[in-house]
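> Using only what follows, build the 3D model:
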Amino acid sequence: MRTGFQISSLVPSGLVFDGVSDSMDSLILSVRSEAAEARCPLCATASSRIHSRYVRHVADLPSAGRKVRLRLLTRRITCEVPHCRRRIFAERFGEDIVPLRRRRTARLEHIVHHLGLALGGRPAASFAKRLMLPVSNDTLLRVVRRRTAMPTDPLLVVGIDDWAFRRNHRYGTIVCDLERRRIVTLLPDRETATVRAWLSKHPAINIVSRDRGGGYGEAAAKALPNAIQVADRWHLMENASAAFLDAVRRSMNRIRTAIGATTINPELLTYAEKLRYQGYLRRQDSHAAIAALVSDGVPFNEIVRRTGHSRNLVRQISRGGGTDMFRTRQSTLDGHLPFLDAQWSGGCRNGAELWRRLKGQGFMGSLRVVAEWATRRRRAETISHQQLQKVPAARTIAQLMTTKCDHLTRAETVTLAVIEQNVPMLADAQALVGRFHAMIRKKAEMELEPWIDDSKRSLIASFANGIANDKGAVHAAITQPWSNGQVEAQITKLKLVKRQMYGRAKLDLLQARLIGAA
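From the prediction side, this is the model:
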């Protein structure tokens, strides 16, 4: 069946087709320039005086599953300008046809570049082989590096955040143009001096969005003293929730007293619970010793030297935390307790049988969890009528106190009422955190100063002091439309590209792939 296909249609525009030869795996097209004259690369004078000719072999896009190579007849031309230093030059075909000193056409180079951007080195080379593109993994990476064009647009609004080369070991800094939604540069570390040096080279920046870390704020203040710093709103709300959770943890002793679970009967504990309880008793003595030293005014470094504990633990105890070491975690049985109670009341007292019945209800836990529950229940019935009342974990209490009452069960509502009545400062802290979240959501900047004054006398005073020290950036976060949300999205993209390269590529290639794909 005749299709009217002409081989000359495979030739890039600007070239003239002269003939075709066939090999086992490729088509070789003989082509030449359609221009009658060429311009000297030094003096730009047109000349048609041909000195000689030679042949260039250039790879082009494949066709019908076969490689295509161009046998490009290239003319050497004599420059007729007397004072020009270039007497003989080779004709140029244009950067959009066959770039200078390239062995691929411009359209093939474009495909190779985008393969390298999308897949990197070896994966792109493997895929290119299937596409009949003769290119190696090293060539792909060289093309990506060579064709990288750094943004030259003036920067007015930028977002800065850190990202991990290797978590907890080495970090870098990413800078994004928030107006154009693209990455500007990657810095090799997150040191204040490095960020400050980069910001000093861009004095036109008038807004810097950042997280609440002190390093970036200090760098922006020194490099761009007139720029507006904007704290990230998500980090503000997350820090407020974390401050309330810390307040709950520091109040667990009072919560335990309020609920009435301060007395623990060791006879009701399973073996694993006894081990945890004994460890808690041992730690109580050392924590009491640390608290006594703190009350006597002994410096932290001296306490660390005397006791051998970490500085972080000493700091926690000095702030009222770290004393509730017998933590009650959420159990996988919590959602199945009504079913277990019903089976126990019905006469099923064997732990293995209870576990098998639970599995039929969709329980995914192990036999050991159910067996320990049965042991504890059996001991409670045989020893006495006393039940070891379970205190919810600190995270669970914080979640319940920040949940609307309409979504709580009756038991949860009663528990919260007891906590709020006996630990009023915790209820006040919860109200302050709610006010802060509402202030951020509603952009009520007039409420910031009263909130800081009220919070400095509460359980979240440390968080309030941090907000007061960074008040300008927090106020800008409420009033300005900018945030670090775009930067976080770019970091997610960065992590994907970094993992594609198996962590072996240098920073310049990572930056080239990210900026080139923007």
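> Quick check: Tyr502 vs Leu494, distance?
15 Å (C-beta to C-beta, to the nearest Å). Every residue, glycine included, has its C-beta placed from N, CA and C.
> So for those two, which sits in the more crowded spot?
Leu494 (20 against 10; other C-beta atoms under 10 Å).
> thought that one was touching Trp163?
Yes: between Leu494 and Trp163 there is a contact at 5.8 Å, judged by C-beta atoms under 8 Å.
> who touches both of the two?
Both Leu494 and Trp163 are contacted by Ile174, under the criterion C-beta atoms under 8 Å, 6 or more residues apart in numbering.
> Give me the residue ranges of this structure where confidence is low.
The model of the chain has pLDDT under 70 over residues 1-5, 260-274, 276-277, 319-331, 379-390, 503-504, 517-518.
> Run through the strands of it in chain order.
15-22, 26-33, 38-39, 46-47, 50-63, 66-78, 88-90, 157-166, 170-177, 182-187, 207-210, 228-231 (DSSP state E).
> If you count contacts, what does the third one end up packed against?
Judged by 3 or more C-beta pairs under 8 Å, 6 or more residues apart in numbering; DSSP states H and E, the packing partners of strand 38-39 are strand 46-47.
> what about the strand it packs on, distance to the chain center?
How far strand 46-47 lies from its chain's middle: 56 Å, per C-alpha atoms, centre = their mean, to the nearest Å.
> What strands line up against it, and which way round?
Strand 46-47 sits in its sheet next to strand 38-39 (antiparallel), going by DSSP bridges.
> neighbouring contacts of the strand it pairs with?
Thr45, Ala46, Ser47, Ser48, Arg75, Ile77, Phe89, Glu91, Arg92.
> number of nearby residues for the second one?
The reference is to Ala46. Around Ala46 there are 13 residues (other C-beta under 10 Å).
> go on, the third one?
By other C-beta under 10 Å, the residues close to Ser47 number 19.
> hang on, isn't it packed against Glu37?
Yes: with contacts counted by C-beta under 8 Å, Ser47 reaches Glu37, the gap being 6.0 Å.
> For Ile515, which of the strands of the chain is the nearest?
Nearest of these to Ile515, taken as C-beta to C-beta: strand 182-187 at 5.6 Å.
> about what we covered before: CSV please, covering the strands of the chain and showing distance to His437.
CSV is the format used below for the strands of the chain (distance: least, C-beta to C-beta, whole Å):
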stretch, distance to His437
strand 15-22, 65
strand 26-33, 66
strand 38-39, 67
strand 46-47, 71
strand 50-63, 56
strand 66-78, 62
strand 88-90, 69
strand 157-166, 22
strand 170-177, 26
strand 182-187, 31
strand 207-210, 20
strand 228-231, 15
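> Deepest-packed of these, please.
Per residue and on average, the most neighbours among these fall to strand 207-210, with a mean of 26 (mean count of other C-beta atoms under 10 Å).
> Sheet-wise, list the partners of that strand with their directions.
Paired neighbours of strand 207-210 in the sheet (DSSP bridges): strand 157-166 (parallel), strand 228-231 (parallel).
> hang on, Arg122 packs against Thr139?
No: using C-beta under 8 Å, Arg122 is not in contact with Thr139; the gap is 11.9 Å.
> Compare those two and say which is more crowded by neighbours.
Thr139 (18 against 15).
> Measure how buried the residue nearest to that one when sequence neighbours are not counted is and give me the count.
Nearest residue to Thr139, sequence neighbours excluded (C-beta to C-beta, 6 or more residues apart in numbering): Val112, at 7.3 Å. If you count neighbours by other C-beta under 10 Å, Val112 ends up with 23.
> same question, the one 3 residues further on
The number of residues packed near Leu115 is 21, by other C-beta under 10 Å.
> Roughly how far does the closest residue to it other than its chain neighbours sit from Arg196?
Once flanking residues are discounted, Leu115 sits nearest to Ala124: 4.3 Å by C-beta to C-beta, 6+ apart. From Ala124 over to Arg196 the distance is 37 Å, taken as C-beta to C-beta.
> Of those two, which one has the most company?
Between Ala124 and Arg196, counted using other C-beta under 10 Å, the more crowded position is Ala124 (26 against 18).
> my read: Ala398 touches Ala243, true?
No: using C-beta under 8 Å as the test, Ala398 is too far from Ala243 to be in contact (10.4 Å).
> Of all the strands paired with strand 207-210, which one is nearest Arg130?
strand 157-166 (32.3 Å).
> Run through the residues that contact the nearest residue to Glu80 once chain neighbours are set aside.
Once flanking residues are discounted, Glu80 sits nearest to Ser47: 5.4 Å by C-beta to C-beta, 6+ apart. Residues in contact with Ser47 (C-beta under 8 Å, 6+ apart) are Glu37, Ala38, Arg39, Cys40, Ile77, Thr78, Cys79, Glu80.
> With distance to Arg435 added, can I get the residues you listed in a markdown table?
Rendered in a markdown table, the data for these read as follows (distance: C-beta to C-beta, whole Å):
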| residue | distance to Arg435 |
| --- | --- |
| Glu37 | 78 |
| Ala38 | 75 |
| Arg39 | 72 |
| Cys40 | 75 |
| Ile77 | 79 |
| Thr78 | 83 |
| Cys79 | 79 |
| Glu80 | 83 |
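> now, the most widely separated pair of those?
Farthest-apart pair in the contacts of Ser47 is Arg39 and Thr78; separation 12.9 Å (C-beta to C-beta).
> Quick check: Asp189 vs Pro151, distance?
For Asp189, the distance to Pro151 equals 21 Å [C-beta to C-beta].
> Repeat that for Leu275.
Distance, Leu275 to Pro151, using C-beta to C-beta: 59 Å.
> who has more neighbours, the two?
Remark: of Leu275 and Pro151, Pro151 carries more neighbours, 14 against 11, as counted by other C-beta under 10 Å.
> if I look at the residue lying closest to the more buried one once chain neighbours are set aside, how far off is Asp153?
Nearest residue to Pro151, sequence neighbours excluded (C-beta to C-beta, 6+ apart): Val184, at 5.8 Å. From Val184 across to Asp153, the span is 9 Å (C-beta to C-beta).
> what's the answer for Arg441, then?
Distance of Arg441 to Asp153, given as C-beta to C-beta: 33 Å.
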